[in-house]
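*Asks:* my questions are about this predicted structure, shown below with the sequence.
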Number of protein chains: 4
Amino acid sequence: MTNPNTSPLRVLVWGENRHEQIEQHVRDIYPDGMHTTIAAGIRENLGDAVRVSTTTLDEPEHGLTEPVLADTDVLVWWGHAAHGEVADEVVERVHRHVLSGMGLVVLHSGHWSKIFGKLMGTTCTLRWRSEQDRELVWTVSPAHPIAQGVPHPIVIEQQEMYGEFFDIPAPDEIIFLSTFTGGEVFRSGCTFRRGHGKIFFFSPGDQDYPVYHHKDVRRVIANGVGWARSDRPERTIPTLLRYETGDFFHGHGYAGPISESGDA
Amino acid sequence: MTNPNTSPLRVLVWGENRHEQIEQHVRDIYPDGMHTTIAAGIRENLGDAVRVSTTTLDEPEHGLTEPVLADTDVLVWWGHAAHGEVADEVVERVHRHVLSGMGLVVLHSGHWSKIFGKLMGTTCTLRWRSEQDRELVWTVSPAHPIAQGVPHPIVIEQQEMYGEFFDIPAPDEIIFLSTFTGGEVFRSGCTFRRGHGKIFFFSPGDQDYPVYHHKDVRRVIANGVGWARSDRPERTIPTLLRYETGDFFHGHGYAGPISESGDA
Amino acid sequence: MTNPNTSPLRVLVWGENRHEQIEQHVRDIYPDGMHTTIAAGIRENLGDAVRVSTTTLDEPEHGLTEPVLADTDVLVWWGHAAHGEVADEVVERVHRHVLSGMGLVVLHSGHWSKIFGKLMGTTCTLRWRSEQDRELVWTVSPAHPIAQGVPHPIVIEQQEMYGEFFDIPAPDEIIFLSTFTGGEVFRSGCTFRRGHGKIFFFSPGDQDYPVYHHKDVRRVIANGVGWARSDRPERTIPTLLRYETGDFFHGHGYAGPISESGDA
Amino acid sequence: MTNPNTSPLRVLVWGENRHEQIEQHVRDIYPDGMHTTIAAGIRENLGDAVRVSTTTLDEPEHGLTEPVLADTDVLVWWGHAAHGEVADEVVERVHRHVLSGMGLVVLHSGHWSKIFGKLMGTTCTLRWRSEQDRELVWTVSPAHPIAQGVPHPIVIEQQEMYGEFFDIPAPDEIIFLSTFTGGEVFRSGCTFRRGHGKIFFFSPGDQDYPVYHHKDVRRVIANGVGWARSDRPERTIPTLLRYETGDFFHGHGYAGPISESGDA
């Protein structure tokens, strides 16, 4: 695939950063916060091809202002304990940017974030347990760019179990399936296209386990970030327009459903 | 397919019923209202196997109360000029019922309804023109139950043009593709699964044209209604539950993300 | 879904019937042969709605003559040790019938049958082990007719492990995902549409384990058989035809690629 | 998406080259042959990033020897009048390479080639007419790399009509939908993954029309070629292997279905 954009990929890692402040055991695993660890993993894998920033929930507008989003090619999202505190207005803004072409990588408990739920249209619920299951991440799309450079399976010694039924729409592509010691299964690597945007959901990772330090998990996140970048030259949102017969290239704005001219 | 439910299929046709009140030419085509015409088509095709009711926007709670929805197997939706007037609370209720197993058939300008947008997660925009194009509805899934009993193509002499790019997620199944005299194309028959529910979107139909009197359009809507009926015995919504190791059948309610017991 | 065909569903279970003749331990588990056991399970679940026959590899033309196939709504296939002995001419005939509308349910080692490989276009290889793993069959499409009436998960105490990467095209629908004691995962319940036919692949089952006596496995196979039945009134194969401008309903046979009339 | 392979993309354009020899009007449109014209379009769009060769049906082994295929990243296929003359042994070889990771771009009447039929498993039939219809190629996946750099719609003034029902499996992705003056519709740009390989089918193009000189058609073919390149470091075919419990990384060759050790 040819990528017309040769300038560095601009990535923003959004982390809730609440567990890190409240729970010592989380600070022990992630002294710099999960978002910083995730960002380091992306930088480690993509080097000069990427420019990575981070921001958190407690920043003004959660760090997701219009100028910031306009300057972001791919947004990576980790949230868990405070999904409800993300302002609806910010969620709308992020949603608009994704539909306009901003890539989105949603991690782990981000399955229950407002933004992921809005893009999926379903409950995004699942079954879970946090008992140090071993997770095995198996590749079911071996030729996919997101699956490159990691073993089959990826072995994660300690993890929170996520199990089916995971209430999402049927993914456009399933990249990974995970199993857990207890026997559960989960569609752990899924892609979705929404509007002009691309979304990658990847479930491994939890505040209670050092998963974001795992070499293969970091590689997959980096692959996902690269994949999610838009191939379109501009960020525009799909829009409803009227077209006269024979004129395919000049759309006209919507004048309303009931008008004296008879347009409907 | 075995259908465990032998009692009549309970269908509710929801119509906005605003054009009919405001525009004489719409009343001329649909003297009883579009919703009544659509309901008649379903009854005509499914007979005693179905019990069809109708309701409209201007009823209390838009006619979509909890008891009404609980007593509805499949909801058929036609809206156009007043999508914004549908109360968010009612949209949430309908959404919950669809995810719990209520079937949904969305028609024509319903593409821009709040409920369809909520289930899709995209803008659901498209291109359009109302200039009496002839629409040809071609079957691309000839073995699908929704496609049975209609010609290939269905010929609709006068129709509003809907054209791509139709901003929806890639449908689970594409049943029909339509073309218009002007040359445009549209994914006119699409199915989606969301939660425990099934959704069929069918674009032909407009308040300015007698499309809902068309024999083949009525057949497809009836097929879609039959297809959308749930095969599950109860209406339940997917729920997040915790499961102990080795106990697959007894889920526990969510106690919150940060608790003293260490559950996450 | 309305099923226009109220006469009994005509099912034919094809079994290789070689293991049963050669290996005592297989005869011990399946005294009447696997095909007979599978047939009994279908009859047990569908009763008078179905008429089930069986046939085997060693019958003339493997029991799959033109009249037999024309009289079969759904063919169920179990093969393992002698895939190569199925005559190509018979495979072509079965293939033609599937594309024309005959349903096909492929079980377990049938993944490597000529007919399944022909319909998939891939190697259909996988990873495996026969060490009495426990298999858990999880439902990932809970509203699907094939998934009705079985627990989540189905527990099969002893089974042969099948693991990813299973080289098949991305299924049209994934109904089940299985996990094994050793940690492997497999897309164990998949549907595909080919031509006018429907195919259900279901992996649980092996000659060395009593899986086809398992109540839930028998239920799923019966569900799959019901689902695979065609909704079309006649069995016809998709055909290449030429259509004059404006005449959508009368196709003309292909006269060859290079002719004096200029047709191409 | 990061492409690990920085050396030139090695493309081979296979053309039947029979029409060019027999029909003057084809020679008039394509003096150098269709294959050469297609190759020129790829070179024009991808420049130094690509190395393009051509070969034809009448070469020994149709130019598709083992060394040639091993040295080809993406094979582009145009055939029409002589599909039956392609040797089965060569088709098997090409099939094996595609499943191992060689990309394949199939053009127009190549829908009926042995190799495309083998990968699809269906009849690949369609409806057609050669009456100088205008074709409009509409994009339904605007964020897809294959869709970049061309107008919506692409206008092709004179073309052979291809219409639905196109008997292929549901594509993994639909990139383009085409309409024709006569009103027909066709899924004209489709992607499929088979084994480790990627396939792009693009229907515009015919020996009787100058379509392969069309700027936008040449751009799409170049985009498709870039997309079809493998991201895997080596060309290997999916293989059936046995894995001992707990050893995920060392597979053992298949010893046969019935053996004294009890392996099955």
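*Replies:* Yes, it's here. If you're wondering where the values come from, they're calculated on a predicted model, not measured in any experiment. Numbering: from 1, shown residues only, chains lettered A, B, ... in the order given.
*Asks:* make it CA atoms for all contacts and neighbour counts henceforth
*Replies:* OK.
*Asks:* in the lowest-mean-pLDDT helix or strand in chain A, what counts as buried?
*Replies:* The weakest-scoring helix or strand in chain A, judged by mean pLDDT, DSSP states H and E, is helix A:19-22 (a mean of 86). Across helix A:19-22, burial judged by 16 or more other CA atoms under 10 Å in any protein chain shown covers A:19-20.
*Asks:* tell me what it is packed against?
*Replies:* helix A:24-29 (3 or more CA pairs under 8 Å, 6 or more residues apart in numbering or on different chains; DSSP states H and E).
*Asks:* give me the contacts around the least confident helix or strand of chain A.
*Replies:* A:26-27, A:30-31, A:33-34, A:81, A:207, B:258 (CA atoms under 8 Å, 6 or more residues apart in numbering or on different chains).
*Asks:* wait, doesn't residue A:137 sit right on residue A:180?
*Replies:* No. Taking CA atoms under 8 Å as the definition, residue A:137 is not a contact partner of residue A:180, at 9.1 Å.
*Asks:* show me which of the two is the more surrounded one.
*Replies:* Using other CA atoms under 10 Å in any protein chain shown as the criterion, residue A:137 and residue A:180 rank with residue A:137 on top: 31 against 28.
*Asks:* any idea what that one is bridged to?
*Replies:* residue A:154, residue A:178 (DSSP bridges).
*Asks:* what residues does it make contact with?
*Replies:* Counting by CA under 8 Å, 6+ apart, the residues that residue A:137 touches are A:152-156, A:176-179, A:188.
*Asks:* and which of the residues you listed is nearest to residue D:6?
*Replies:* Nearest to residue D:6 among the contacts of residue A:137 is residue A:152, at 25.0 Å by CA to CA.
*Asks:* picking that back up, any chance of the contacts of helix A:19-22 in TSV, with distance to residue D:70 too?
*Replies:* Shown next, in TSV, are the contacts of helix A:19-22 (distance: CA to CA, whole Å):
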residue	distance to residue D:70
A:26	51
A:27	52
A:30	47
A:31	49
A:33	47
A:34	44
A:81	52
A:207	47
B:258	56
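*Asks:* going through these, which ones are buried?
*Replies:* For the contacts of helix A:19-22, buried by 16+ other CA under 10 Å: A:26-27, A:30, A:33-34, A:81, A:207.
*Asks:* in chain A, which spans are strands?
*Replies:* A:9-15, A:50-56, A:74-78, A:103-107, A:127-139, A:154-163, A:173-180, A:185-194, A:197-202, A:241-242 (DSSP state E).
*Asks:* can you lay out those as a markdown table showing mean pLDDT?
*Replies:* Formatted as a markdown table, these follow (pLDDT from 0 to 100):
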| stretch | mean pLDDT |
| --- | --- |
| strand A:9-15 | 97 |
| strand A:50-56 | 97 |
| strand A:74-78 | 97 |
| strand A:103-107 | 98 |
| strand A:127-139 | 96 |
| strand A:154-163 | 96 |
| strand A:173-180 | 98 |
| strand A:185-194 | 98 |
| strand A:197-202 | 98 |
| strand A:241-242 | 96 |
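*Asks:* nearest residue to the middle of chain A?
*Replies:* residue A:105 (1.9 Å; CA atoms, centre = their mean).
*Asks:* pull the contacting residues for the closest residue to chain C within the stretch 151-264 of chain A.
*Replies:* Proximity of the stretch 151-264 of chain A to chain C (CA to the nearest CA) peaks at residue A:165, 5.5 Å away. Going by CA under 8 Å, 6+ apart, residue A:165 touches A:125-127, A:186, B:238, C:139-142.
*Asks:* and with 6 Å instead?
*Replies:* A:126, C:140 (CA atoms under 6 Å, 6 or more residues apart in numbering or on different chains).
*Asks:* up against chain D, what does chain A have?
*Replies:* When proximity is defined by CA under 6 Å from any CA of the partner chain, chain A lies next to chain D at A:1, A:143, A:145, A:196, A:226-227, A:231.
*Asks:* which one of those residues is nearest residue C:62?
*Replies:* residue A:143 (37.8 Å).
*Asks:* share the number of residues neighbouring the closest residue to the closest one other than its chain neighbours, please.
*Replies:* Of all residues not flanking residue A:143 in the chain, residue D:196 sits nearest, at 5.1 Å (CA to CA, 6 or more residues apart in numbering or on different chains). Close neighbours of residue D:196, defined as other CA under 10 Å, add up to 25.
*Asks:* cool, and residue A:58?
*Replies:* 14.
*Asks:* again with residue A:150
*Replies:* With other CA under 10 Å as criterion, residue A:150 counts 17.
*Asks:* next: the one 4 residues further on.
*Replies:* Using other CA under 10 Å, residue A:154 has 19 other residues around it.
*Asks:* from what I can see the residue nearest to the centre of chain A touches residue A:203, true?
*Replies:* No. Using CA atoms under 6 Å, residue A:105 is not in contact with residue A:203; the gap is 10.4 Å.
*Asks:* quick check: which ranges of chain A have low pLDDT?
*Replies:* A:1-5, A:258-264 (pLDDT under 70).
*Asks:* if you set the cut-off to 80 instead, what comes out?
*Replies:* When residues are selected by pLDDT under 80, those of chain A lie in A:1-6, A:254-264.
*Asks:* re the thing from before, can you tell me which of the buried ones among the contacts of helix A:19-22 is nearest chain D?
*Replies:* Among the buried ones among the contacts of helix A:19-22, and counting by CA to the nearest CA, the member closest to chain D is residue A:34, at 24.3 Å.
*Asks:* residue contacts, the closest one?
*Replies:* Counting by CA under 6 Å, 6+ apart, residue A:34 has no contacts.
*Asks:* go again using 10 Å as the cut-off
*Replies:* Residue A:34 makes contact with A:13-17, A:19-20, A:26-27, A:40, A:78-79, A:205-207, A:210-213 under the criterion CA atoms under 10 Å, 6 or more residues apart in numbering or on different chains.
*Asks:* what's the distance between it and chain B?
*Replies:* Taking CA to the nearest CA, to the nearest Å as the measure, residue A:34 falls 15 Å from chain B.
*Asks:* same question, residue A:10
*Replies:* Taken as CA to the nearest CA, the span from residue A:10 to chain B is 24 Å.
*Asks:* one more: residue A:36?
*Replies:* 21 Å.
*Asks:* returning to that earlier point: closest to residue D:250 out of the contacts of residue A:137?
*Replies:* residue A:152 (10.9 Å).
*Asks:* does that closest one touch residue A:139 like I think?
*Replies:* Yes. If you go by CA atoms under 10 Å, residue A:152 and residue A:139 touch, sitting 6.1 Å apart.
*Asks:* anything in contact with each of those two?
*Replies:* Joint contacts of residue A:152 and residue A:139 (CA under 10 Å, 6+ apart) are A:176, C:164-165.
*Asks:* excluding its backbone neighbours, what's nearest residue A:52?
*Replies:* residue A:11 (4.7 Å).
*Asks:* so who does the one you found touch?
*Replies:* A:39, A:42-43, A:50-54, A:69, A:71-76, A:103-104, A:225-226, A:229 are the contacts of residue A:11 under CA under 10 Å, 6+ apart.
*Asks:* buried subset of those residues as a ChimeraX selection?
*Replies:* A single ChimeraX command suffices to select whichever of those are buried according to 16+ other CA under 10 Å:
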select /A:39,42,43,50,51,52,53,54,69,72,73,74,75,76,103,104,225,226,229
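*Asks:* show me what from the stretch 1-150 of chain A comes close to chain B.
*Replies:* A:18-19, A:22-23, A:80-82, A:95-96, A:98-99, A:109, A:112, A:115-131, A:133 (CA under 10 Å from any CA of the partner chain).
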